[in-house]
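Student: can't give you the sequence, but here's the structure:
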């Protein structure tokens, strides 16, 4: 876990969090840890966890006021990023400070024109190199886009990806799966996953991704028209 400076006020901590979220310089696991740590250790015990607290205000009241300010400024993108990270560690936070986190999640939701989409994930199968190589052309292209996002680079063939994968002892046993994602019983997305908590989401039959999952946390691709897609996927992902 990267080093974190000490803070004397909620304001200092939240400004630091927002800068990290906007810059995209945190891995998802790091972001989730700090959000979780702030709720579990910060609520009512800010002196011990973060340094001396001079604000002396309830944590959730403060955070909700900050979200209201972001919403008033029209910064829905930052609110969505914060929402996704809070959702990613919701279970452990709710286990320890259920009422407080529930209140904050309610504030994060804000007004919505439609209820959250409820997706159902169904694993199609686990894939190995030979099986992927036998897939239809468009399916292989979809896989190569996801594989390129996972390892970096631009893989043009299935063997090229697996050749690089086998060079790294830590990646040699990477599990690769494809999932179907449905809404109202109709298939809407497909998702290739690597090591369970990394993956890329595509429209059914498409090769242009709409979202990524990085270390268990979803984020929408630039230009994606649905701003709540990441948080709606995060709510229902089974792994």
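Tutor: Structure's in. What do you need? Fair warning: this is a prediction, and the values are worked out from it, not measured in the lab.

Student: Beta-bridge partners for residue 212, please?
Tutor: Per DSSP bridges, the residues bridged to residue 212 are residue 200, residue 219.

Student: Tell me if I'm right that it and residue 218 touch.
Tutor: Yes: judged on Cβ atoms under 8 Å, residue 212 makes contact with residue 218 at a distance of 7.1 Å. Heads up, the C-betas are built off the backbone N, CA and C, glycines and all.

Student: shared neighbours of the two, which are they?
Tutor: With contacts defined as Cβ atoms under 8 Å, 6 or more residues apart in numbering, the residues shared by residue 212 and residue 218 are residue 201.

Student: The two: which has the busier surroundings?
Tutor: A count of neighbours by other Cβ atoms under 10 Å puts residue 218 above the other of residue 212 and residue 218, at 23 against 20.

Student: Could you find the closest non-adjacent residue to the more buried one?
Tutor: Closest residue to residue 218 apart from its sequence neighbours, by Cβ to Cβ, 6 or more residues apart in numbering: residue 230 at 4.1 Å.

Student: what does the strand or helix carrying the one you found contact?
Tutor: Assigned by DSSP states H and E, residue 230 belongs to helix 229-236. Applying Cβ under 8 Å, 6+ apart, the external contacts of helix 229-236 come out as 80, 83-84, 87-88, 116-121, 181, 201, 210-211, 213, 217-220.

Student: Residue 153 and residue 164 touch, don't they?
Tutor: Yes: judged on Cβ under 8 Å, residue 153 makes contact with residue 164 at a distance of 7.4 Å.

Student: Mind checking which of those two has more residues around it?
Tutor: Shown here are residue 153 and residue 164; by other Cβ under 10 Å, residue 164 has more neighbours (15 against 12).

Student: Can you tell me the SS state at that one?
Tutor: helix (DSSP: H, G, I helix; E, B strand; the rest coil).
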